[in-house]
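1. Please find the sequence and the predicted model below.
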Amino acid sequence: MKLIKKILLSMLLVGALSCDLNKLENPSTLTPGQADPDFILNGIQLEFADFFWEASDFGMQMTRLIHFYGPTYENGYNASSFDGLWSGAYSSILINIVNTLPVFEERQLYFHAGMARVIQAYTMMTLIDYFGSVPYSQAFDPANFNPPQDDQAAMYAEAISILDDAIADFTRDLDADPDNNSLAFPKNDLYYGGNGTRWRTFAKTLKLRAYLQTRLVDASAKANIEALVTENDLIDAGSNAEDFNFRYSTTNANPDSRHPYFTGDYLNGAGYYQSNYLMDQMYNGKNFVDPRIRYYFYRQVSATTTDVNELFCINVSPPPHYAGFPFCAVGDGYWGRDFGDFSGIPPDNFKRTAFGVYPAGGNFDNSSFTAVNQNMGLRGAGILPIMNAAFTEFMKAEAALTLNSAIVGNPRTLLEAGIRKSIDKVKAVGAPVAGTSPLIPGTTAINNYVNDVLALYDAAGTDNERLQVIIKEYWIALYGNGIDAFNTYRRTGKPADLQPTLQPNGGNAYRSFTYPSVYVTRNNTVTQKPSNKVQVFWDTNPENFID
């Protein structure tokens, strides 16, 4: 159970609820006269951050943004791996929202209601994206111990409708009389600090995301995307002021509210392994080093060890199927692991590469090559990049190219905007730590990188090749957001050149995750999936579309 969940144990109004979906009920008999709306909303916001981080971590592993132990796809996870994610969604986020929306509406707390609905819609869509068919419409009836699964497409459409309701809530609140105390702002808006305009913009951006996600199965997706782009109210500010991020703090006790990746890497040596493939792509993949690499990763050493006791694979030849891929180590101190490397753990905690300042709140890599400690960098005050302006540009680039829409824009122009906004965002997060370091990428370094990518785009001979360039850059920008990386991978099959499992027969890539054990063992209407090859409704791609 993650740290934020521990915080919520004493906060959530319905915290005593069983994690069992069959037993969801409301022992507090919540009424408008009894509820503290801000107390409830605080818990929902915190639990949503935890839900996003956990879901993102799975997605980052699947897309080689961080290390996946494996060694095969099937052995990498079991049904209980997803229990926490499922329970957080149903037993904390969704049931609290379902039970308290009537309270918000009764009290005309439109801002509270809008926030809750946006979180509700995002959670619903993520459950479908990850698991496929899940219960919803009857899931919160205390008399129904075995709620059936809802139709995936209908549930997705319901989530979009909920976003429309949220947009109406924020519009109604923003147009209301500011002297009317019943239209109060929440005491703690942990994402936008009480800015309803930005919440409304985020809701519209989530609609863009949903329409793009369903473009393979929805003939109206193109028109819907074009309408949103024409309306011009999406998260796309060059200043990144509109970005929807959760911000951790430096508080280290009672409770510890630092970024989970920071606490995993900076307290007792690095506990995570970084992805050799991502580091190699950023360091060696183009003619110029990616300007974000010193923000994403912090190297504790300047060179890779030659000691087999520290790096078991250092004297091993790469397997034949790894031709063209990095193997074992990247070099120059970039020390991670290959996809599906299930080797034991040597004494390398103070040598392997750690998370950097973005998004984990760690240290900027200024080539000091010193061991990690908890007083480094941002000291854990990192972010969850749930929706950044750069992501919007990449989504529009994909839509413009695949849907052949001049209204959405020029894919090449949007690609460039996405790269530049991503670099600007990363630099802004790391600025307090990077200071005036001469290693901060300047205009020339950034332009060299951007122009190199644009040259690849210009050299591409087909739209499929052009899409590869767009999504490869989107993938790099999504470091810290594995949900959109995993969804994009299954939707587009890109990046098409991801590192394979270290074992030659790694099994079938996940098209959806297996149902959590807390669900299949306690609901007699559901049967576990036959394999991880079961595709969600919006994924109509061929069976072996991804590796």
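-> Yep, that arrived.
2. In the stretch 151-300 of the chain, where is pLDDT below threshold?
-> Scanning the stretch 151-300 of the chain for pLDDT under 70 picks out the ranges 173-183.
3. Could you pull out the strands in it for me?
-> Under the criterion DSSP state E, counting those that start in this stretch, strands of the stretch 151-300 of the chain are mapped to 244-247, 297-298.
4. Mind putting those into JSON lines with mean neighbour count and distance to Ala35?
-> C-betas here are computed from N, CA, C, even on glycine. As requested, the strands of the stretch 151-300 of the chain are exported to JSON lines (neighbours: other C-beta atoms under 10 Å; distance: least, C-beta to C-beta, whole Å):
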{"stretch": "strand 244-247", "mean neighbour count": "20", "distance to Ala35": "24"}
{"stretch": "strand 297-298", "mean neighbour count": "28", "distance to Ala35": "44"}
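5. Adding distance to Lys425 as columns, could you present these in a markdown table?
-> Compiled in a markdown table, the strands of the stretch 151-300 of the chain are given as follows (distance: least, C-beta to C-beta, whole Å):
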| stretch | distance to Lys425 |
| --- | --- |
| strand 244-247 | 9 |
| strand 297-298 | 16 |
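6. any idea how far Pro318 is from the residue nearest the centre of the chain?
-> Central residue of the chain (C-alpha atoms, centre = their mean): Asn481, 2.6 Å from the mean position. Separation of Asn481 from Pro318 (C-beta to C-beta, to the nearest Å): 30 Å.
7. per-residue confidence for the nearest residue to Asn268 once chain neighbours are set aside?
-> Distance criterion C-beta to C-beta, 6 or more residues apart in numbering; nearest residue to Asn268, sequence neighbours excluded, is Asn349 at 6.9 Å. pLDDT, Asn349: 98.
8. Kindly report the same for the one 10 residues further on.
-> Confidence per residue is given as pLDDT, and for Pro359 that number is 99.
9. Now do the buried residues in stretch 455-473.
-> Leu456, Tyr457, Arg466, Leu467, Gln468, Val469, Ile470, Ile471, Lys472, Glu473 (16 or more other C-beta atoms under 10 Å).
10. should've said stretch 522-538
-> Arg522, Asn523, Val526, Lys529, Asn532, Val534, Val536, Phe537, Trp538.
11. Could you list the low-confidence segments of the chain?
-> In the chain (pLDDT under 70), the answer is 1-33, 173-183.
12. make it 90
-> 1-36, 172-185, 238 (pLDDT under 90).
13. Could you break it into its assigned domains?
-> Following automatic domain parsing, one finds the domains of the chain at 3-234+512-520, 260-492.
14. Including distance to Glu543, could those domains go into TSV?
-> Formatted as TSV, the domains of the chain follow (distance: least, C-beta to C-beta, whole Å):
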stretch	distance to Glu543
domain 3-234+512-520	13
domain 260-492	12
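15. For the residue lying closest to Arg258 once chain neighbours are set aside, give its distance to Glu473.
-> Spatially, and ignoring its direct neighbours in sequence, Arg258 is nearest to Gly380 (2.6 Å; C-beta to C-beta, 6+ apart). Separation of Gly380 from Glu473 (C-beta to C-beta): 28 Å.
16. likewise Ile407?
-> For Ile407, the distance to Glu473 - C-beta to C-beta - is 22 Å.
17. Same question for Gly506.
-> Separation of Gly506 from Glu473 (C-beta to C-beta): 26 Å.
18. Longest helix in the protein, please.
-> Counting residues, the longest helix found in the chain (DSSP state H) is helix 37-62.
19. hmm, back to that, measure the residue nearest to the centre of the chain to Ala397 for me?
-> 17 Å.
20. just to revisit the earlier point, if we compare the strands of the stretch 151-300 of the chain, which one ends up closest to Ser81?
-> Among the strands of the stretch 151-300 of the chain, the nearest to Ser81 by C-beta to C-beta is strand 244-247 (22.9 Å).
21. Give the closest residue to Asn532 in space, chain neighbours not counted.
-> Per C-beta to C-beta, 6+ apart, closest to Asn532 is Tyr510, 4.6 Å.
22. Now the one you found: phi and psi?
-> phi -70, psi 120 (degrees, to the nearest 10).
23. Give the burial count for it, as a bare number.
-> 24 (other C-beta atoms under 10 Å).
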